[in-house]
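Trainee: Show me the folded form of this:
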Amino acid sequence: MTRNALKEPFLDKEISQLDLSEEFKALAAKYGYHTLADMLRLERPYHLLKHPGFGFRMLFEFTSILRRNGLGNYLN
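Mentor: Sure, this is the predicted structure:
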């Protein structure tokens, strides 16, 4: 499965509408991520840590929402 071919409808929901912290939503918007699919298009999820303010707690929140929705396979 390629990161450019993300086919799960959940991944295309607006981050602002998801059950995520306001801090996560603000950082995602600041860096131009509107959906989880946008974030998954990075080569590796940990590359999110390169953004100032996007620390391990935010990375954990990102990976957690994927796993809670049965989408942990997108983290490989």
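
Trainee: Could I get the contacting residues of Phe24?
Mentor: Ile15, Met58, Glu61, Phe62 (CB atoms under 8 Å, 6 or more residues apart in numbering). From N, CA and C alone the C-beta is placed, and that goes for glycine too.

Trainee: If you could redo that for Asp19, that was the one I meant.
Mentor: Asp19 touches Ile65, counting by CB under 8 Å, 6+ apart.

Trainee: Show me where the protein dips below the pLDDT cut-off.
Mentor: Residue ranges of the chain with pLDDT under 70: 1-6.

Trainee: Mind naming the longest helix for it?
Mentor: helix 56-68 (DSSP state H).

Trainee: quick one: buried residues of that helix?
Mentor: If you call a residue buried by 16 or more other CB atoms under 10 Å, then helix 56-68 has these buried ones: Met58, Leu59, Phe62, Thr63, Ile65, Leu66.

Trainee: wait, doesn't the last one sit right on Ala37?
Mentor: No - at 10.9 Å, Leu66 does not count as touching Ala37 under the criterion of CB atoms under 8 Å.

Trainee: Can you get me a residue count around Ser16?
Mentor: 13 (other CB atoms under 10 Å).

Trainee: quick one: the residue positioned nearest the centre of the chain from Phe62, how far?
Mentor: With distances taken as CA atoms, centre = their mean, Leu36 lies nearest the centre of the chain, 4.0 Å away. According to CB to CB, to the nearest Å, Leu36 stands 8 Å off from Phe62.
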